[in-house]
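[1] Sharing a sequence plus its predicted fold:
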Amino acid sequence: MGWVTAKRLFFLVVLVAVTLAAIHVTIPEPARLTPLGSKFRDVLAPAQSGLTWLSRQARQVVSLPVSLYGAAERSQALEQEVERLQSEIIQLNEYKAENQRLTDLLNYKQVMVQQYDLLVASVIARDPGNWFATVTLNRGSRDGVHENMTVLTPQGLVGRVITVTNANCEVLLITDPRSGVGSLIQETRTPGIVEGTVGSSGTARIIHIPNDAQVEEGQVVVTSGLGSIFPKGIPIGQIASVSIESAGLFKSADIRLFAGMNQLEEVLIVTKVYPEAGTPPAGGG
């Protein structure tokens, strides 16, 4: 064996011995470490800390895309849940509003039971033009509806039935220029005729008021019962403004209607009037 070979063998033995000693002294034991073990541990501690830090960083780098993907999925699920809840809230608000309207109609029916037989109907179509004001209801001849029946809401007069089919009927609103309603100013009993105006968008006026009549803003207008179409005493609206007609012989006045013609959804059809009953209350409420 040559000197070089022996020297290499010696260094290998020494290296193996040092390695085994390091492994031995770094293994945790219940007993107190030897001074040599403590030194080896102190030497190896920074390397172990570095390896631990690198391991944690690598774990975070690997898990970050997975975490981001999971967060995106949770965010999308939450957005969908919010949209669903918002839709449910809108539907519940619609049910609540409809229930309130129907409750008001039924309460009015109870109040007026000795004066009218009333049939609840829903508006299913509206004339889209500006010249005429009509609505279509989901009640017809099979429900006992016929022409010239009065249509109203708990707030006031709406109009009269002008055409009837088996399942539906068409109502001419009092805001239509073709409409004419015999009326009275409630406080003074002054007569007049309520008619609609062209392109009025839900307004009406009372015309042919005697020139010497006391007409003031805020006075209530009701049906007069003349003409055998509309029962007497149904609230129509309040005087909004007064003017002198072009001929100078009569006054006319714009009316704030009690029934909201542009917001009609459910109405009542008067199918029978009890003539012996008293006059219904007026005033729009």
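    The structure has been received and is ready for your questions. Numbering: from 1, shown residues only.
[2] where along the stretch 1-150 of the chain do the helices fall?
    In the stretch 1-150 of the chain, the helices defined using DSSP state H, counting those that start in this stretch lie at 3-26, 35-111.
[3] Just give me the lowest mean pLDDT stretch among those.
    Mean pLDDT is lowest for helix 3-26 out of the helices of the stretch 1-150 of the chain, coming in at a mean of 54.
[4] And the nearest residue to Tyr116 once chain neighbours are set aside, how far from Gln115?
    Leaving aside its sequence neighbours, Tyr116 sits nearest to Val270 (Cβ to Cβ, 6 or more residues apart in numbering; 4.9 Å). In this view, the C-beta of every residue, glycine as well, is placed from N, C-alpha and C. Distance of Val270 to Gln115, given as Cβ to Cβ, to the nearest Å: 9 Å.
[5] Could you do Val220 as well?
    Using Cβ to Cβ, Val220 is found at 18 Å from Gln115.
[6] tell me, how many neighbours does Glu187 end up with?
    Neighbourhood size, Glu187 [other Cβ atoms under 10 Å]: 14.
[7] got it, and the one 4 residues further on?
    Here the count is done by other Cβ under 10 Å, and Pro191 has 16 residues near it.
[8] host element of it?
    Using DSSP states H and E, Pro191 maps to strand 190-196.
[9] Kindly state the pLDDT recorded for Arg178?
    89.
[10] same question but for Ser200, I mixed them up
    Ser200 is given a pLDDT of 54.
[11] what's the answer for the one 10 residues further on, then?
    Reported pLDDT at Pro210 in the predicted model: 90.
[12] That one contacts Ile185, doesn't it?
    No: assessed by Cβ atoms under 8 Å, Pro210 is found out of contact with Ile185, at 10.4 Å.
[13] of the two, who's got more company?
    The neighbour comparison of Pro210 against Ile185 (other Cβ under 10 Å) goes to Ile185, with 22 against 13.
[14] Could you count how many residues lie near the closest residue to the more buried one other than its chain neighbours?
    Distance criterion Cβ to Cβ, 6+ apart; nearest residue to Ile185, sequence neighbours excluded, is Gln219 at 5.2 Å. Residues near Gln219, counting by other Cβ under 10 Å, number 19.
[15] could you measure Gln219 against Gly225, distance?
    18 Å.
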